[in-house]
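Asker: need a 3D model of the following:
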Amino acid sequence: MAIYVYQTVPVKEGGPVRTYEIRQSMKDAALTEHPETKEPIRRVITGGLGIMTSSKGGSAPPPQGGGGCGGGCACH
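Answerer: Take a look at the predicted model:
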């Protein structure tokens, strides 16, 4: 079971938006209404794990010493 983030769809422009976390199977279709309140809702797509390698936007230098591939690949 996964936890998905949903928000209410405002009935009129500028109306309040509430956020919910709802547990459901990854096989289930996205909900269109809140299971209890029946308000219209939409699933919010959130970002995944991001890894920053350098503050300048470049790539980090390869690890030195006894790491990983042993130098037999194109990562060095």
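
Asker: for the protein, what spans make up the strands?
Answerer: 2-8, 19-24, 41-43 (DSSP state E).

Asker: can you give me the angle the second one makes with strand 2-8?
Answerer: Put simply, strand 19-24 runs at 140 degrees to strand 2-8, going by axes from the mean of the first three to the mean of the last three Cα atoms, to 10 degrees.

Asker: give me the packing partners of strand 19-24, helices and strands only.
Answerer: If you count contacts as 3 or more Cβ pairs under 8 Å, 6 or more residues apart in numbering; DSSP states H and E, strand 19-24 packs onto strand 2-8. Every residue, glycine included, has its C-beta placed from N, CA and C.

Asker: who's in contact with the strand it packs on?
Answerer: With Cβ atoms under 8 Å, 6 or more residues apart in numbering as the contact definition, strand 2-8 has outside contacts at 16-26, 30-31, 34, 39-44, 46.

Asker: could you do stretch 30-50 as well?
Answerer: Everything outside stretch 30-50 that qualifies as a contact, by Cβ under 8 Å, 6+ apart, is 4-9, 11, 18-20, 22, 24.
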